[in-house]
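Peer 1: What shape does this take:
(one chain, ligands or ions: 2)
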Amino acid sequence: MKFKKSLTLIEIIVSIAVIVISLLGAAALFTMSMRMTRESKIRFNSAILAKDLMEEISTKKWDELSSPSIVLGPEFGESRAGSTELTYWDDIDDYNGLSNNPPQAIDGTVMNGSNHPYPNYSNYRRSVTVRYVDDTTLQPAAFQTNYKRIRIRVDYSHSKNFADPDHTFNLDQVMTNTR
Ligand SMILES: [Ca+2]
Ligand SMILES: [Ca+2]
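Peer 2: Ligands and ions are numbered 1, 2, ... in the order given. Sure, this is the predicted structure:
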């Protein structure tokens, strides 16, 4: 009788241990799944932000001048949201140096959650670099070529410390001078 009682006690202890281990495992899985969900959301938002701006830039001319510009950037008096053809950014390298936190739409609308239809992207910074790249290697070139690489970088920082972001997403596209 006594032996049977001890076995029962051991069984209870083992059962409790199994339950505790299962619960700990479930908690760890839950935490991991939450973290993965958060990271997937950041990756998804970064990709959306990068693609959105790449589509905007892709509609612009390869260069404003008849031969490739020496200086990459906007021409005098141009801005992204200019109201006439002479004043808005009209060639792809005009976007070189753009950097916004929170990101801004083409009309200057700040994507901080208070402007419909944009969600709150306050923890994201979206920036652009445009470089000439070598005709064959597509690596950055020190002179003008017939290819420009647009790089859109989207950083996410929980603490808005963009010197040390938590996540970085790059989207590259190379465009050629077809004129
Ligand atoms: Ca221009
Ligand atoms: Ca330009």
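
Peer 1: Could you give the number of residues near the residue nearest to Asn177 when sequence neighbours are not counted?
Peer 2: Nearest residue to Asn177 in three dimensions, chain neighbours excluded: Asn146, at 4.3 Å (CB to CB, 6 or more residues apart in numbering). For every residue, glycine as well, the C-beta is placed using N, CA and C. By other CB atoms under 10 Å, the residues close to Asn146 number 15.

Peer 1: Could you check how far Asn146 is from ligand 1?
Peer 2: 18 Å (CB to the ion, to the nearest Å).

Peer 1: Same question for Gln173.
Peer 2: 18 Å.

Peer 1: Enumerate the beta-bridge partners assigned to that residue.
Peer 2: Beta-bridge partners for Gln173, by DSSP bridges, are Ile150.

Peer 1: wait, isn't it in contact with Lys148?
Peer 2: No - taking contacts as CB atoms under 8 Å, Gln173 lies outside contact range of Lys148: 9.3 Å.

Peer 1: Of those two, which one has the most company?
Peer 2: Neighbour totals were compared for Gln173 and Lys148, and Lys148 leads with 25 against 14 (other CB under 10 Å).

Peer 1: contacting residues for Val110?
Peer 2: 102, 104 (CB atoms under 8 Å, 6 or more residues apart in numbering).

Peer 1: redo that, cut-off 10 Å
Peer 2: Shown in contact with Val110 (CB atoms under 10 Å, 6 or more residues apart in numbering): 100-104, 118, 121-122.

Peer 1: Okay, and which of those residues map to helices?
Peer 2: The helices, defined by DSSP state H, take in nothing from those.

Peer 1: Show me just the buried residues among these.
Peer 2: Among the contacts of Val110, those classed as buried by neighbour count (16 or more other CB atoms under 10 Å) are 100-104, 118, 121.

Peer 1: which ones among these come in contact with ligand 2?
Peer 2: Filtering the buried ones among the contacts of Val110 for proximity to ligand 2 by CB under 5 Å from the ion leaves nothing.

Peer 1: Could you export those as a markdown table, including pLDDT?
Peer 2: Shown next, in a markdown table, are the buried ones among the contacts of Val110 (pLDDT from 0 to 100):
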| residue | pLDDT |
| --- | --- |
| Asn100 | 97 |
| Asn101 | 97 |
| Pro102 | 97 |
| Pro103 | 98 |
| Gln104 | 97 |
| Tyr118 | 95 |
| Tyr121 | 98 |
